[in-house]
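Asks: Model the following, please.
(chains A, B, C and D)
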There are 2 protein chains.
Amino acid sequence: MAGAPANPRERYRQQVRDEIKGHAWTQIADTGASALSLNAIAKLMGMSGPALYRYFANRDELITELVLDAYRDLAEVTRAAAAAAAPDDRLGELATAIRRWALANPHRYLLIYGTPVPGYAAPPEATTIAGSVMALLVTAYTRLTTHPTRSPAQRVLEDHLAGHQGWAGDAAPAVAHAALTFWTRVHGVLSLELAGHFTGMGFDPALLYAAEVESVTSNRRRP
Amino acid sequence: MAGAPANPRERYRQQVRDEIKGHAWTQIADTGASALSLNAIAKLMGMSGPALYRYFANRDELITELVLDAYRDLAEVTRAAAAAAAPDDRLGELATAIRRWALANPHRYLLIYGTPVPGYAAPPEATTIAGSVMALLVTAYTRLTTHPTRSPAQRVLEDHLAGHQGWAGDAAPAVAHAALTFWTRVHGVLSLELAGHFTGMGFDPALLYAAEVESVTSNRRRP
DNA sequence: TAACTGTAGTTAGAAGCTATAACCATAGTA
DNA sequence: TACTATGGTTATAGCTTCTAACTACAGTTA
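Replies: As a prediction, this is how the structure comes out:
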């Protein structure tokens, strides 16, 4: 998970930290992040309560570590998907990779993009990693000219973006807009699906997702 | 908040319940729903711990009540917005009303649409109210014929919806699709904005919201 | 090889939480 | 005026996070 073990002491420490995280994930999976109990994890590992504080200063630090791991995992999955896809299919492949990951790791996804724990501030590294995912989208869109007929609100937004898109580098405002829209539409479907708001409605969320993804990848042509 | 006071006992009970809920909201606002403490609320009200259990059977019941109130509030706001708007502006007015409400009551919004509290199941009444909001969208769209050129994925989705849209009654599948999309796109922007994922990116979320709303209200014509 | 030191673990305990049990006083009612 | 249901109390069990003080040993160094 992390770099060189160096010392055997450090090596053991890493192993235990990873085992703790493992138990934390399985616990999050069925009790949810807010009910994560260090005590329970310790007992599962056959050691008693306060021992865990040798490895994580407090509950928040453990959660932060989990959040970072989730970010890293998502970033890696999207990076791999983008690298493996042909340039023309890249956006589609990204979309399916993201959905697959989200459905396979709902709690990871919600830990990242769900309701923020108040008082808890994501570490700067998290936003850095999140930025790398956005960068992937931006470059994927940069390979396409995005020229649907621009509606009034689109024009306003993109004119505004021209001066406010540090995160998108020097990409065209239309590209920045497209990346943003990709993100929000994908998240709109995924988060509602993961939170269970579609259950009982009877339709297949996969099809809605596909339609949304199409809406944000079509109408675009290669230069 | 609720119906007739009837007896003075019942009246007092209602008042106390409402006061508890009030404290609960302010506590949620700065400590978050998962850290809601009945004990702390009791102390704030000058009475001691277990007294609250006369008014709410347990923590979950209080949260349920808050969720229901949030749903009711949102439903009322949207209903009023729909009623006040001219038929042609109805969707736009709904969109602005929803955003205004979400920004004014971020915790209410996230309590409803955010990460579900683990073990906690929303009461059936909640889904009923949520359904009434969807119904508003469906009828708003029903007044418009929705005929953009249908892309492949749209066709697949709408053919599927034709058999799986109990929640949309006998509306045309294209209408059901439009209502769903309105919901997911609006939520996509709002939830990311409320969760703070746009902070630091520098652009104005209102403009992105406007563009998304436009995307889902344009390309449609009156019959 | 022998002594040293830092680290992983222990138990004890403070402070907080939810929730139940048993009890008391009183407000509203008959 | 007497009764009863209800709102409040304290005590307590069992859970949580987290600190303090102590022990034992692993790895390192002289």
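
Asks: The lengthiest helix in chain A and DNA strand D in contact?
Replies: Taking DSSP state H as the criterion, chain A has its longest helix at helix A:59-84. Yes - using Cβ under 7 Å from any atom of the strand, helix A:59-84 reaches DNA strand D at A:59-60. Glycine gets a C-beta too; all of them are placed from N, C-alpha and C.

Asks: Next one: the helix or strand following that helix, is it in contact with chain B?
Replies: On the C-terminal side of helix A:59-84, the nearest following helix or strand under DSSP states H and E is helix A:90-104. No - against chain B, helix A:90-104 shows no contacts by Cβ under 8 Å from any Cβ of the partner chain, the least distance being 10.5 Å.

Asks: With just CA atoms, put helix A:90-104 into CSV.
Replies: Listed next in CSV are the C-alpha coordinates belonging to helix A:90-104 (Å, rounded to 0.1, in the frame of the first residue of the first chain):
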residue,chain,number,x,y,z
ARG,A,90,-12.4,6.8,-23.9
LEU,A,91,-15.3,8.7,-22.4
GLY,A,92,-17.6,5.8,-22.6
GLU,A,93,-15.0,3.5,-21.1
LEU,A,94,-14.5,5.9,-18.3
ALA,A,95,-18.2,6.1,-17.6
THR,A,96,-18.5,2.3,-17.4
ALA,A,97,-15.4,2.0,-15.3
ILE,A,98,-16.7,4.5,-12.8
ARG,A,99,-20.1,2.9,-12.5
ARG,A,100,-18.6,-0.5,-12.2
TRP,A,101,-16.3,0.7,-9.4
ALA,A,102,-19.1,2.6,-7.7
LEU,A,103,-21.4,-0.4,-7.7
ALA,A,104,-18.6,-2.7,-6.5
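
Asks: and that helix, what does it pack onto?
Replies: helix A:59-84, helix A:106-113, helix A:124-142, helix A:173-194, helix A:205-217 (3 or more Cβ pairs under 8 Å, 6 or more residues apart in numbering or on different chains; DSSP states H and E).

Asks: Single out the most deeply packed of these.
Replies: Of all the helices and strands packed on helix A:90-104, helix A:173-194 has the most neighbours on average by mean count of other Cβ atoms under 10 Å in any protein chain shown, namely a mean of 24.

Asks: So what angle separates the directions of that helix and helix A:124-142?
Replies: Interaxial angle, helix A:173-194 versus helix A:124-142 (axes from the mean of the first three to the mean of the last three Cα atoms, to 10 degrees): 120 degrees.

Asks: Nearest to B:Pro205, out of the helices and strands packed on helix A:90-104?
Replies: helix A:173-194 (9.6 Å; Cβ to Cβ).

Asks: Please determine whether the closest one lies in contact with chain B.
Replies: Yes - between helix A:173-194 and chain B, judged by Cβ under 8 Å from any Cβ, the touching residues are A:177, A:180-181, A:183-189, A:191-192.

Asks: Save those as TSV, and put in pLDDT and distance to DNA strand D too.
Replies: Listed next are these as TSV, based on pLDDT from 0 to 100; distance: Cβ to the nearest atom of the strand, whole Å:
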residue	pLDDT	distance to DNA strand D
A:His177	96	42
A:Leu180	98	36
A:Thr181	97	39
A:Trp183	98	33
A:Thr184	98	34
A:Arg185	98	37
A:Val186	98	33
A:His187	98	30
A:Gly188	98	33
A:Val189	98	33
A:Ser191	97	27
A:Leu192	97	30
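
Asks: Now flag whichever of the residues you listed is closest to B:Ser37.
Replies: A:Ser191 (27.4 Å).

Asks: low pLDDT regions in chain A?
Replies: Low-confidence segments of chain A (pLDDT under 70): A:1-6, A:145-148, A:219-223.

Asks: run the last query once more with 50
Replies: For chain A, applying pLDDT under 50 flags the ranges A:1-2, A:221-223.

Asks: which parts of it sit against DNA strand C?
Replies: Going by Cβ under 7 Å from any atom of the strand, the residues of chain A near DNA strand C are A:9, A:12-13, A:16, A:42, A:46-51, A:54-55.

Asks: What subset of those residues is buried?
Replies: With neighbours counted by 16 or more other Cβ atoms under 10 Å in any protein chain shown, these contain buried members at A:16, A:42, A:55.

Asks: Return the closest of these with respect to DNA strand C.
Replies: Of all those, DNA strand C sits closest to A:Val16, with 5.6 Å by Cβ to the nearest atom of the strand.

Asks: Going by secondary structure, the closest one is in what exactly?
Replies: When elements are defined using DSSP H and E, A:Val16 is found to belong to helix A:8-31.

Asks: And for A:His197?
Replies: With DSSP H and E as criterion, A:His197 is part of no helix or strand.

Asks: How about it, nearest residue that isn't a chain neighbour?
Replies: B:Tyr113 (7.0 Å; Cβ to Cβ, 6 or more residues apart in numbering or on different chains).

Asks: what does A:Tyr209 give?
Replies: Closest residue to A:Tyr209 apart from its sequence neighbours, by Cβ to Cβ, 6+ apart: A:Val189 at 4.9 Å.

Asks: quick one: that neighbour and A:Pro205 touch, right?
Replies: Yes - with contacts counted by Cβ atoms under 8 Å, A:Val189 reaches A:Pro205, the gap being 6.6 Å.

Asks: what sits in contact with each of those two?
Replies: Here A:Val189 and A:Pro205 share no contacting residue, scored by Cβ atoms under 8 Å, 6 or more residues apart in numbering or on different chains.

Asks: The residue lying closest to A:Leu62 once chain neighbours are set aside in helix, strand or coil?
Replies: Of all residues not flanking A:Leu62 in the chain, A:Phe56 sits nearest, at 4.3 Å (Cβ to Cβ, 6+ apart). Taken by DSSP: H, G, I helix; E, B strand; the rest coil, the conformation at A:Phe56 corresponds to coil.

Asks: any idea how far A:Phe56 lies from A:Ala24?
Replies: 9 Å (Cβ to Cβ, to the nearest Å).
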